[in-house]
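Student: Fold the following for me, if possible:
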Amino acid sequence: MFRDGKGTSRDLLGTVLTQAADGGLLLIGQDGRLWTIEPPQLDSRADQQSEFEPLRLDQQGLALKAELGERFEIVTTKHYVVATSAGKPYAAWCASLFERLYSAFQNYWKQRGMDLDEPEFPLIAIVLKNEREFATFATRDAGADAATAKGYYSVEHNRIVLYDLTATGNGPATTATEISRRLGANPFNIATVVHEATHQIAFNSGLHTRLADNPLWVTEGMAMFFETPDLTSRTGWRTVGQINDLRQKQFQEYLAKRRKPDSLSTLIASDARFTDAELAGDAYAEAWALTYYLAKSKKEAYAGYLRELSQKPRLVWDKPSDRVSQFQQALGNDLRTIDADFVRYMRKLK
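Tutor: Residues are numbered from 1 along each chain as shown. Purely as a prediction, here's the structure:
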């Protein structure tokens, strides 16, 4: 029994992931949500005799309806539980897309020697009716910045939240063909949705660890590497890791006009560029470019680097020098040589 950040008393069945020296706890609930509990918040604690079990798909669906309201419909697939106020056709289309992404993601990394896990918890998506409903929910759930996006992944709640991108003045699309047609007219929209779904898969397959010190260039570069599907393909991805035209264009402009000699080292050492409004666009573009370069030209070393990162402990934050050192151990000590090869490789993609 504990009191959450709003002072509400909660009785949580979960398992302890980390216990701090002062008695603070990091718990994971049956729905996969992470809870950080400081000692003053903890009222009582009892060990359970039975083994901890995540919610099943049907149980998770019922829990989402209890949280969101009876008007929400539930769509389930092998890995996903989708709660929607946008109607089942669009939710089912999204769930199908996510399953295709899941298969593409798993296959890509397993072919490169990565031993990925099956998700321990059902993968949750909330699909809201329209942009207005999304903005209201997102502001309450994740803050005002999230409300301006097309969707987001919450590391804490372990779920993606999005809205019906096909809804127009003529109403929502009601068939898979019409949904694909409308989304295909604006590829950036669907790329954003896939971007967030990639985060969720990566954090639930053991490639990233939630609340560990995951460098943003790694997690964001990974999501951008997968973010654009081929909606005309039955699988959704004819190939993984094609050139991301939007990110490539911005990186080439950055390379020609603004990139400084220490750009690679600052990207690796710190997340600061991603949180600076003036620098974030170039940081994202360079994160995609570096991920593309490593995935294509240094496959084994990059996979080894990702394995090392996946083992990082939760709630332990590295110094910038530690981040650089870990990169160098996996990919090479001479950053200037790596940077020169990286730039030369990306310039050939024009």
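Student: State the distance from the nearest residue to Ala269 once chain neighbours are set aside to Tyr102.
Tutor: Of all residues not flanking Ala269 in the chain, Pro320 sits nearest, at 3.8 Å (C-beta to C-beta, 6 or more residues apart in numbering). The C-beta positions use only the backbone N, C-alpha and C, and glycine is treated the same way. As defined by C-beta to C-beta, to the nearest Å, Pro320 lies at a distance of 34 Å from Tyr102.
Student: between those two, which one's more packed in?
Tutor: When neighbours are counted by other C-beta atoms under 10 Å, Pro320 and Tyr102 differ, and Tyr102 comes out ahead with 23 against 14.
Student: ok, now which ones touch that one?
Tutor: His79, Leu123, Ile201 (C-beta atoms under 8 Å, 6 or more residues apart in numbering).
Student: what's the burial count for the last one?
Tutor: Burial of Ile201 is recorded as 25 neighbouring residues (other C-beta under 10 Å).
Student: same deal with the first one?
Tutor: Here the count is done by other C-beta under 10 Å, and His79 has 18 residues near it.
Student: Please work out which residues outside stretch 208-222 touch it.
Tutor: Contacts for stretch 208-222 (C-beta under 8 Å, 6+ apart): 26, 34, 155, 158, 198-199, 202-203, 207, 267-268, 271, 274, 283-284, 286-288, 290-292, 306, 309-318, 323.
Student: try 7 Å
Tutor: Contact with stretch 208-222 is made by 26, 34, 155, 198-199, 202-203, 267-268, 271, 274, 284, 287-288, 290-291, 309-310, 312-318, 323, as judged by C-beta atoms under 7 Å, 6 or more residues apart in numbering.
Student: Stretch 106-118 now?
Tutor: Residues from elsewhere that reach stretch 106-118 (C-beta under 7 Å, 6+ apart): Ser205, Gly206, Leu207, Val240, Lys299, Ala303, Leu306.
Student: For this structure, which segments count as helices?
Tutor: With DSSP state H as the criterion, the chain has helices at 57-68, 88-110, 131-142, 144-147, 176-184, 187-204, 216-226, 245-257, 263-269, 280-297, 299-310, 320-331, 335-347.
Student: Highest mean neighbour count across those helices, which stretch is it?
Tutor: Comparing those by mean neighbour count (mean count of other C-beta atoms under 10 Å), helix 216-226 comes out on top with a mean of 23.
Student: quick revisit: any chance of the helices of the chain in JSON lines, with mean pLDDT and distance to Thr168 too?
Tutor: Formatted as JSON lines, these follow (pLDDT from 0 to 100; distance: least, C-beta to C-beta, whole Å):
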{"stretch": "helix 57-68", "mean pLDDT": "97", "distance to Thr168": "24"}
{"stretch": "helix 88-110", "mean pLDDT": "94", "distance to Thr168": "12"}
{"stretch": "helix 131-142", "mean pLDDT": "95", "distance to Thr168": "11"}
{"stretch": "helix 144-147", "mean pLDDT": "92", "distance to Thr168": "21"}
{"stretch": "helix 176-184", "mean pLDDT": "82", "distance to Thr168": "7"}
{"stretch": "helix 187-204", "mean pLDDT": "90", "distance to Thr168": "12"}
{"stretch": "helix 216-226", "mean pLDDT": "97", "distance to Thr168": "27"}
{"stretch": "helix 245-257", "mean pLDDT": "94", "distance to Thr168": "23"}
{"stretch": "helix 263-269", "mean pLDDT": "98", "distance to Thr168": "39"}
{"stretch": "helix 280-297", "mean pLDDT": "97", "distance to Thr168": "28"}
{"stretch": "helix 299-310", "mean pLDDT": "96", "distance to Thr168": "40"}
{"stretch": "helix 320-331", "mean pLDDT": "97", "distance to Thr168": "45"}
{"stretch": "helix 335-347", "mean pLDDT": "97", "distance to Thr168": "38"}
